[in-house]
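Asker: Here's a sequence, model it:
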Amino acid sequence: MSYEKESFEALIERMRQYLSEKKYVQARETLVDLEPVDIAYIMETLPEDTIPVVFRLLPKELAAEVFVELDSDSQENLIKGFSKSELKEVVDELYLDDVVDIIEEMPANVVKRIIASADADTRRDINNILQYPESSTGSIMTTEYIDLKTNMTVEDALKKIRRVGQDMETINVMYITDPARHLLGYVTIRDLLLADENDTMEEIMDDSIISASTMDDQEETARKFSKYDFLTMPVVDKEHRLVGIVTVDDALDVLVDETTEDIEKMAAITPTEDSYLNTGIIATVKSRIPWLLLLMVSATFTGQIIASFEDALAAYTVLTAYIPMLMDTGGNCGSQASVTVIRGISLDEIKLKDLTAVIWKEIRVAVIVGVILAVCNFAKLMLVDKLLFHNPITFTVALVICLTLIITVLAAKLVGCSLPIFAKAMGFDPAVMASPFITTIVDAISLLIYFQFAKMILHI
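Answerer: Coordinates of the predicted model:
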């Protein structure tokens, strides 16, 4: 069931009224028809002391699904209020990868309670997954999958699915392994339903299988879901033994997190774990101030360049008025190139070997863009600035400004397209080489170009 914003707000208000009047039956009936993510949103808008009450109104399976959708602070508060039996019920209903995700967000005392409430097998699986590096595929996989043997018949496979499928994260795809758990192929539930019940897995399986390694970067694995339209992907160890699977919902979470992180880095903000509204003032300041300090200090070079050409500016004060335009245009051109290249790198479309092709393309783009901007700017200078605003613009001054514009655009495009590729080659995140960083570099370059043309043409 979906709601428009207005009716959804009305629904939240009705829930508040039910809770204040202790009409718990009506509150439960209202919630059980909603999607888990919508229930979580409603709970997070309610007073904190009512969240445990609402959670206990939900059926057990629905409560577990809602728990996964809550933010980490709400999850922590609920866990602290759970009895041992309540916590065990929730943990038992959660899929393993969701339990691991929750554990990674919780403080140590809460983690101890979660692990203590799990059975021995779950604790072992949790500890195994937690051993993988944070950004690896192993850290987002689940061990709740169905594996079949080559000699099993379709009838045997369906019996196993009915027996254990309820506890698995997905039964859409089953993986075929040998006695040593080496991955051999896969079958889908569609394959099983359409095959003869006496067919064996070896006869109907597809052995052209794409898998991920436990140590692969999770972002690379997530991209494969988009590339191949997967719903699940098997995860193997160094010996090609099946150890888990990654599902599409976890892959989407990775892509969302990575995209958010890239956007923050491109805006010169240190990435944070929490959402904007859940991040405190001090944490927000800490995430922003290091980059602002660095960029402020680096901008000192720009000031020094201007100071070193004070005499030139004194002779032609009109030149000062066009410094912001040249710097802004250069920064914008550099940002356009860098964002495009960073996006190409993130989609695995651009690699170091493509540097020459990227530079050659940006040179041609820069020449065309620079000439168009220069021609338009020359017309503006002579018709608007000189005739309308009576600025002391001469032909030579306009020539200096327009030539600077062309060369600045070219330099900005080259800097913007090459720095992210070099950063990636050296093991840095290309997103760091985005707007603020490149703008600072291009500002200095544009000023140097500007004053060199002024010296050459105006003889100052």
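Asker: Off-centre distance for stretch 41-55?
Answerer: Averaging C-alpha positions (C-alpha atoms, centre = their mean, to the nearest Å) puts stretch 41-55 28 Å from its chain's average.
Asker: residue ranges with poor pLDDT in the stretch 151-300 of the chain?
Answerer: Where the stretch 151-300 of the chain drops to pLDDT under 70, the residues are 265-270, 272-275, 298.
Asker: Show me the helices in it, by range?
Answerer: 154-164, 189-194, 201-204, 218-228, 248-266, 281-298, 300-308 (DSSP state H, counting those that start in this stretch).
Asker: Out of those, the one nearest Ile345 is which?
Answerer: Nearest of these to Ile345, taken as C-beta to C-beta: helix 248-266 at 10.0 Å. Every C-beta, even on glycine, is put in place using the N, C-alpha and C of the backbone.
Asker: Please identify the buried residues of the closest one?
Answerer: Val248, Asp250, Ala251, Asp253, Val254, Leu255, Glu258, Glu261, Asp262, Glu264, Lys265, Met266 (16 or more other C-beta atoms under 10 Å).
Asker: repeat for stretch 437-447
Answerer: Phe437, Ile438, Thr439, Thr440, Ile441, Val442, Asp443, Ala444, Ile445, Ser446, Leu447.
Asker: thinking again about what came up before, next, format the helices of the stretch 151-300 of the chain as CSV and append distance to Leu419.
Answerer: As requested, the helices of the stretch 151-300 of the chain are exported to CSV (distance: least, C-beta to C-beta, whole Å):
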stretch, distance to Leu419
helix 154-164, 52
helix 189-194, 48
helix 201-204, 51
helix 218-228, 21
helix 248-266, 13
helix 281-298, 14
helix 300-308, 17
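Asker: wait, which of those helices is closest to Asn109?
Answerer: helix 281-298 (21.1 Å).
Asker: The closest residue in space to Ser208 that isn't next to it in sequence: neighbouring residues, count only.
Answerer: Spatial nearest neighbour of Ser208, chain neighbours left out: Gly185 (7.9 Å); criterion: C-beta to C-beta, 6 or more residues apart in numbering. Gly185 has 19 neighbouring residues, counting by other C-beta atoms under 10 Å.
Asker: Would you mind confirming that Gly185 makes contact with Asp207?
Answerer: Yes. Gly185 lies in contact with Asp207 (C-beta atoms under 8 Å); the separation is 4.0 Å.
Asker: buried set for the longest helix anywhere in the chain?
Answerer: Under DSSP state H, the helix in the chain containing the largest number of residues is helix 395-425. Residues of helix 395-425 classed as buried: 397-421, 423-424 (neighbour count, 16+ other C-beta under 10 Å).
Asker: ok, now stretch 317-332?
Answerer: Leu319, Tyr322, Ile323, Leu326, Met327, Thr329, Gly330, Gly331, Asn332.
Asker: Contacts for that stretch, please.
Answerer: Stretch 317-332 is contacted from outside by 302, 306, 312-313, 373, 391-393, 397, 400-401, 404-405, 408-409, 411-412, 435, 438-439, 442-443, 445-447, 450, 454, using C-beta atoms under 8 Å, 6 or more residues apart in numbering.
Asker: And stretch 234-250, by the same measure?
Answerer: By C-beta under 8 Å, 6+ apart, stretch 234-250 touches 97, 129, 137-138, 140-143, 145, 147, 169-170, 173, 175, 177, 180-183, 186, 209, 211-214, 221, 225, 230-233.
Asker: which of the residues you listed are buried?
Answerer: Buried, going by 16+ other C-beta under 10 Å: 97, 129, 137-138, 140-143, 145, 147, 169-170, 173, 175, 177, 181, 183, 186, 209, 211-214, 221, 225, 230, 232-233, out of the contacts of stretch 234-250.
Asker: just to revisit the earlier point, now for the residue nearest to Ser208: which residues touch it?
Answerer: Tyr175, Ile176, Met201, Met205, Asp206, Asp207, Ser208, Ile209.
Asker: bridging residues for it?
Answerer: Ile176 (DSSP bridges).
Asker: what's the spacing between it and Met174?
Answerer: For Gly185, the distance to Met174 equals 10 Å [C-beta to C-beta, to the nearest Å].
Asker: Also Tyr41?
Answerer: 35 Å.
Asker: Which of these two has more residues huddled nearby?
Answerer: Neighbour count, other C-beta under 10 Å: between Tyr41 and Met174, Met174 has more, with 26 against 17.
Asker: Just want to check the distance between the nearest residue to that one once chain neighbours are set aside and Ile363.
Answerer: Leaving aside its sequence neighbours, Met174 sits nearest to Ile146 (C-beta to C-beta, 6+ apart; 4.6 Å). Applying C-beta to C-beta, the value for Ile146 to Ile363 is 55 Å.
Asker: And those two? Which one has more around it.
Answerer: Using other C-beta under 10 Å, the more surrounded residue of Ile146 and Ile363 is Ile146, with 22 against 14.
Asker: now that one: how far from Gln166?
Answerer: Applying C-beta to C-beta to Ile146 and Gln166 gives a distance of 11 Å.
Asker: Common neighbours of those two, please.
Answerer: Counting by C-beta under 8 Å, 6+ apart, nothing touches both Ile146 and Gln166.
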